[in-house]
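Q: when you get a sec, could you give me coordinates for this:
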Amino acid sequence: MNQLFYGDNLNVLRDSLKDESVDLVYLDPPFNSKRDYNLLFKSPKGHESEAQIGAFEDTWHWGEQAEREFDELLHQPKTDVAELVKALRAFLGENDVMAYLTMMALRLIELNRVLKPTGSIYLHCDPTASHYLKIVLDAVFDVRNFRNEIIWHYEKWTANSRSLQQNHDIIFFYSKTNSWTFNVIREITSNLANKHKKGYLIGGGGGAVGLVVYDKENPAAKEKIESGKYKVVYADKDGKPLSDVFKIPFINPVATERLGYPTQKPLALLERIVKLSSNEGDVILDPFCGCGTAIHAAQKLGRQWIGIDITHLAISLVEKRLKSAFGAACVFEVHGTPKDLDSARDLAERDKYQFQWWAVSLVDAQPFQGKKKGADTGIDGLKFFRDIDQKDARKIVVSVKGGGIKADDVRSLMAVREREGADIALFVTLEEPTRGMAGDAASAGFYESPNGKKFSRVQLLTIDGLLSKRQRAEHPDYEPDLNFKKPKGEATGKQEGLKL
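A: Take a look at the predicted model:
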């Protein structure tokens, strides 16, 4: 069964994944970029400024958690790693870079444990910390198991005029042992294809000690071969093996593939990695799965998969992505998200923001209130709907209460609805609303659709009712894809030929 986990990937790896159970690991962890990343949502015209929320903060600090994980590294069995992190700390000190590397080292050890002997790992990074990560990978996976430093090359303009344009990321490719799964992918560029058809010589640059030819009967090739001056290699007619430079376009901000996640990578990039280092039926793991591109590629190519992320924003986005792209054909289990009232209450007590984001997803709304400082707007989620024969989208505001509810909460939401010009307001709560609250909600009246159907302007929904499917948000729904960007439909199938 395919698995999607909400939680800290270190805990999930230790508690839920067995030794040598994974064939391929791809991870695109935070880069320690010292930036905050916003998740952008699809919104109807006129609402764009509201349609974003903080997805994650890529800033690390040395503190109690880093000190605890550093101590774990010193006492784990891999002595090479222990010696390395001690040396790094002596060089770097107790700073943000060292905190980041400590976090990564502990997780890379667990990823090494769960990989099968024939397995491989691809770690995606940028120049912020790639030089340090390479050393950590050498210690964890053994420098002898380093396979490639892959350059993902793309075209993207930046505003910096005092240095060269940064148009590549780095992907480190390591195997677990010296016997690893690898499928040769051949590529025929239009240039090579033309040369092959015309029988031209390929190669022989520099001192021309070697010569690669496609057609040894070509007169020019024959003359060169018979001269005996060159070591001749006959190229495969299907093309040359893939190089370590992947020329795959960056996803531009308006591309249909983009789902709004700030660090989303192209599906073509992940498909290539999955094809290179796994076979149909193998298990693919992404421990920082974000919006789920690696999982999407694995599903599309007939692999099994495991995804882990520490935010409900990401987990909810992956669920919607898979259901939209693959429908009922994609069967998976979600772990760590509340399944009953007790687990929902536990989440609310541990992290009110994660609870709010999860609760908002129960009514298929976009989260609105992030972890930013400032006045509480009274809005935790937004939802839009299109009514019959109406051009403009209508707005729904959502308020989530994870703690105790007050008598005037519903009246406050009614005021927020009017202030925001919303047609409907949803009050989502752990506790059962009081009779007075129900009366206040009823006094707001109804939104009447042009088809004559009426919907309560203020709807009281409990977590228990939503989980049990006894309750749902009621509103017109003449454009179901209005709230989230969705990928094109896919079919899970067999891997096609290994040629580009």
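Q: what secondary structure does E20 sit in?
A: Recorded secondary structure, E20: coil (DSSP: H, G, I helix; E, B strand; the rest coil).
Q: pLDDT weak spots in the stretch 201-350 of the chain?
A: Across the stretch 201-350 of the chain, the ranges flagged by pLDDT under 70 are 201-239, 253-254, 260.
Q: show me where it has helices.
A: Using DSSP state H, counting those that start in this stretch, the helices found in the stretch 201-350 of the chain span residues 219-227, 267-277, 293-300, 312-326, 341-350.
Q: which among those helices is found nearest to W62?
A: W62 sits nearest to helix 341-350 of all the helices of the stretch 201-350 of the chain, at 23.8 Å, using C-beta to C-beta. Yep, even glycine has a C-beta here, placed from its N, CA and C like the rest.
Q: from the contact counts, what lies against that closest one?
A: In this structure, helix 341-350 packs against helix 352-362, helix 463-467, with contacts taken as 3 or more C-beta pairs under 8 Å, 6 or more residues apart in numbering; DSSP states H and E.
Q: partner residues bridging S399?
A: F427 (DSSP bridges).
Q: surely it is in contact with A422?
A: No: the criterion here is C-beta atoms under 8 Å, and S399 misses it with A422 at 11.0 Å.
Q: nearest the geometric middle of this structure, what residue?
A: For the chain, G290 is the residue whose C-alpha lies nearest the centre (C-alpha atoms, centre = their mean; 2.4 Å).
Q: nearest to P77, of the helices of the stretch 201-350 of the chain?
A: Nearest to P77 among the helices of the stretch 201-350 of the chain is helix 267-277; the distance by C-beta to C-beta comes to 26.1 Å.
Q: for the strand ranked longest in the chain, name the packing helices and strands.
A: If each strand of the chain is counted by residues according to DSSP state E, the longest one is strand 115-125. Identification of packing neighbours for strand 115-125 by 3+ C-beta pairs under 8 Å, 6+ apart yields strand 22-27, helix 96-114, helix 130-141, strand 146-153, strand 168-175, helix 267-277.
Q: reformat these as CSV; add mean neighbour count.
A: As requested, the helices and strands packed on strand 115-125 are exported to CSV (neighbours: other C-beta atoms under 10 Å):
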stretch, mean neighbour count
strand 22-27, 25
helix 96-114, 21
helix 130-141, 19
strand 146-153, 16
strand 168-175, 21
helix 267-277, 22
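Q: format those as TSV; extra columns: distance to K453.
A: Conversion of those to TSV gives the following (distance: least, C-beta to C-beta, whole Å):
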stretch	distance to K453
strand 22-27	47
helix 96-114	52
helix 130-141	57
strand 146-153	51
strand 168-175	51
helix 267-277	40
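Q: my read: K323 touches C330, true?
A: Yes: assessed by C-beta under 8 Å, K323 is found in contact with C330 at 7.0 Å.
Q: looking at the two, which is more packed in?
A: More crowded of K323 and C330, by other C-beta atoms under 10 Å: C330, with 20 against 13.
Q: can you give me the strands in the stretch 301-450 of the chain?
A: With DSSP state E, counting those that start in this stretch as the criterion, the stretch 301-450 of the chain has strands at 304-309, 332-335, 366-367, 381-385, 394-401, 424-429, 446-448.
Q: so for P262, which of the ones you listed sits nearest?
A: Among those, strand 304-309 comes nearest to P262, with 13.4 Å by C-beta to C-beta.
Q: that older thread, quick one: the longest strand of the chain to chain centroid distance?
A: Its chain's average C-alpha position is 17 Å from that of strand 115-125, according to C-alpha atoms, centre = their mean, to the nearest Å.
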